[in-house]
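Student: Could you look at this predicted model? Sequence included:
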Amino acid sequence: MIKVSVVKFSWDLTQIPAVPPLMSHPTVLRLAETGEEEGIWTTLERSLMSDPSWTMDLKVRLDELRQIVYRGFSEKQVDFLVLEDGNRFIGVSGLLADPVQPRNLLTGTHILNEYRCRGAGSLLLHSSLKHLREKGLSEASVVTRANIAASRFLYPKFGSKMEVLSETPPLPQFSKVRA
């Protein structure tokens with residue numbers, strides 16, 4: 001069995017540039033609203049399924065993301081930034097503003113394949129980091145696989161520090177709050 005390297009990128013949020021990067025295509029960036037779980041899920045799923053570097057762990061990763069979308073977001077513990085082109089989500093980023101958690105960009109930054117290499121990932125990453133700073137965090141991190149496109153080209157931006165992990169830290173557990 002092939003051992004997959006896991007890396008963690010961390011940012012000092014006080015050092016994030018004030019001006020967001022430009023994107024070559026006009027889009028709308030906003031916080032997702034209750035009831036938009038299906039659009040978020042579809043975007044995450046399509047983004048991962050079109051990336052051959054996730055093939056080996058696709059089912060496991062999709063199961064993790066499903067919990068984040070349908071439990072974490074529904075329970076209002078996770079914020080989602082969405083990037084829209086018209087009435088279509090083209091990018092999503094699931095964020096957890098908890099300084100104790102080992103990862104705050106829970107889902108990572110996901111852009112549909114046909115919108116990659118146009119500045120969408122940089123814009124969404126910058127906005128995710130800015131959102132976490134506005135929520136009171138001074139540092140944020142993402143955990144992902146080494147050698148995927150995001151770990152080579154996107155996450156090194158904005159002054160991140162990378163560290164190779166010996167094991168993947170667990171995701172937070174979401175459970176329905178009962179009244």
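Tutor: Alright, I've got the coordinates.
Student: Could you pull up the residues touching the residue nearest in space to the middle of the chain?
Tutor: The centre of the chain sits closest to residue 108, judged by CA atoms, centre = their mean, with a distance of 2.3 Å. Residues counted as contacts of residue 108 (CB atoms under 8 Å, 6 or more residues apart in numbering) are 93, 142, 144, 150. Backbone N, C-alpha and C define where each C-beta goes, glycine included.
Student: Relative to the whole chain's centre, how far out is stretch 62-73?
Tutor: The gap between where stretch 62-73 is centred and where its chain is centred comes out at 12 Å by CA atoms, centre = their mean, to the nearest Å.
Student: Return the set of buried residues in that stretch.
Tutor: Residues 64, 65, 67, 68, 69, 71, 72, 73 are the ones in stretch 62-73 that count as buried (16 or more other CB atoms under 10 Å).
Student: Show residues contacting that stretch.
Tutor: Contacts with stretch 62-73, where a contact means CB under 8 Å, 6+ apart, come from 32, 37, 40-41, 44-45, 48, 78-80, 94, 96, 106-107, 171-172, 174-176.
Student: Neighbours of residue 156, how many?
Tutor: Per other CB atoms under 10 Å, the neighbour tally for residue 156 reads 13.
Student: Retrieve the pLDDT associated with residue 55.
Tutor: Residue 55 is assigned 67 on the pLDDT scale.
Student: Next, the contact list for the closest residue to residue 13 other than its chain neighbours, please.
Tutor: Distance criterion CB to CB, 6 or more residues apart in numbering; nearest residue to residue 13, sequence neighbours excluded, is residue 133 at 4.0 Å. Residues near residue 133 by CB under 8 Å, 6+ apart: 13, 14, 16, 140.
Student: and residue 106, which of the three is it?
Tutor: strand (DSSP: H, G, I helix; E, B strand; the rest coil).
Student: you'd agree it is up against residue 95?
Tutor: Yes. In this structure, residue 106 is within contact of residue 95 by CB atoms under 8 Å, at 6.8 Å.
Student: Of those two, give the one with the bigger neighbour count.
Tutor: residue 106 (26 against 23).
Student: What are the boundaries of the strands in this protein?
Tutor: Using DSSP state E, the strands found in the chain span residues 6-12, 28-31, 79-85, 88-95, 105-111, 139-145, 161-165.
Student: Tell me the bridge partners for residue 105.
Tutor: For residue 105, the beta-bridge partners under DSSP bridges are residue 95.
Student: Counting neighbours, which of the contacts of residue 108 comes out on top?
Tutor: Within these, most neighbours by other CB under 10 Å means residue 93, with 28 neighbours.
Student: Contacts only, for it.
Tutor: Counting by CB under 8 Å, 6+ apart, residue 93 touches 80, 81, 105, 107, 108, 109, 110, 124, 125, 127, 128.
Student: What score does residue 172 have for pLDDT?
Tutor: Residue 172 carries a pLDDT score of 84 in this model.
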